[in-house]
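Novice: attaching a predicted model along with its sequence, questions to come.
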Amino acid sequence: MGVPSFYRWLADRCPQSIVDVVEEEPQGGYGVVDVSKPNPNGMEFDNLYLDMNGIIHPCFHPEGKVRVS
């Protein structure tokens with residue numbers, strides 16, 4: 001679920017809100033990133049927002065399986 005075309009609307013109205021992200025390659029064999037180093041993107045984020053509709057909705061409406069009542 002979600003709002004159709006919302007990403008396109010946001011990108012058109014606020015183009016500076018969408019940026020490419022530089023991901024640091026993990027060092028060592030376990031895929032661990034050293035978080036004591038500065039962020040390679042040059043900016044820090046204090047919040048993480050998740051769209052819970054996209055996470056919960058498929059649990060209650062599985063495709064091709066018995067519907068939970």
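Specialist: Noted; the coordinates are in hand. Residues are numbered from 1 along each chain as shown.
Novice: pLDDT below threshold where in the chain?
Specialist: 1-2, 29, 67-69 (pLDDT under 70).
Novice: nearest residue to the middle of it?
Specialist: residue 50 (6.9 Å; C-alpha atoms, centre = their mean).
Novice: let me know the secondary structure of it.
Specialist: Counting by DSSP: H, G, I helix; E, B strand; the rest coil, the backbone at residue 50 sits in coil.
Novice: from residue 56, how far off is it?
Specialist: 10 Å (C-beta to C-beta, to the nearest Å). All C-beta atoms are positioned from the backbone trio N, CA, C, and that covers glycine.
Novice: ok, now residue 22?
Specialist: Applying C-beta to C-beta to residue 22 and residue 56 gives a distance of 31 Å.
Novice: now swap in residue 4 and tell me
Specialist: Distance from residue 4 to residue 56, by C-beta to C-beta: 19 Å.
Novice: of those two, who's got more company?
Specialist: Taking other C-beta atoms under 10 Å, residue 4 and residue 56 do not tie; residue 56 has more neighbours (11 against 8).
Novice: isn't there a strand covering the more buried one?
Specialist: No - in this structure, residue 56 is helix, not part of a strand, as judged by three-state DSSP.
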